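S.K.: test case, fold it:
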Amino acid sequence: MTEENKTIQTENKPSADEAILNADQAEQAQHPAVNPPAPPAPAQNENNEAELFMTKFYNKLAELRIIANQKKRENMQKNLNNIMEYARETQKITNNDVERITKVKHTQSSKYLKMLVKQGLLVKFGKTKNTFYKPIKQ
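M.R.: Next comes the predicted model:
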C-alpha cells in the first residue's frame, strides 16, 4: 500500500473511545431495556389524606372569601356615609367630589351616587357635565 492509502484507512478507523461507544450502542440495540415495574398504587390512606387536605383547603378559601366580602361591604358603607355627610354639609355633591372624598375611580363614584339616589337619600339634577346631587332633607 502506498502512504496515501494508509493515511485514508487510518482516518476512517474509529478511535478506541468511539469503538467502545459504538459497541455499547450496538449491545443496547440488541437487548432493549426492560421497562421498570410500575410504582405500587397509592394506599387508600393516602387518598383519604389528599381528600381531607382539599376539603380543608376549600373550606378555608370559602371562609376567606366571606371575610373579604364583609370587609368590602364595610368599606363601601363607610364611603357612602362619608358621601352623605359631605352632601349634607355642602347641600350639593358632584361625581368629582365623591372621587376626591372616597379616593375611588370615576365609575365607582358613579355607582355610589346611583345607589344613594336609589335609596332615596340624594336627588339628581342635570345631565352629563353639569350633573350634581342634593340630599333629601330628613
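S.K.: ok, and what's touching stretch 122-131?
M.R.: Residues from elsewhere that reach stretch 122-131, judged by C-beta atoms under 8 Å, 6 or more residues apart in numbering: 84, 87, 93-95, 113, 116-117, 132-136. C-betas here are computed from N, CA, C, even on glycine.
S.K.: between the two ends of it, how far is it?
M.R.: Terminal residues of stretch 122-131 are spaced 12 Å apart (C-alpha to C-alpha, to the nearest Å).
S.K.: flag every buried residue along that stretch.
M.R.: Applying a neighbour-count criterion of 16 or more other C-beta atoms under 10 Å, one finds Leu122 buried in stretch 122-131.
S.K.: what is the mean pLDDT for it?
M.R.: For stretch 122-131, the per-residue pLDDT values average out at 90.
S.K.: which residues in this structure form strands?
M.R.: Listed from the start of the chain, the chain has strands (DSSP state E) covering 122-125, 132-135.
S.K.: neighbours around Asn82, how many?
M.R.: Here the neighbour count serves as a burial measure; for Asn82 (other C-beta atoms under 10 Å) it reads 14.
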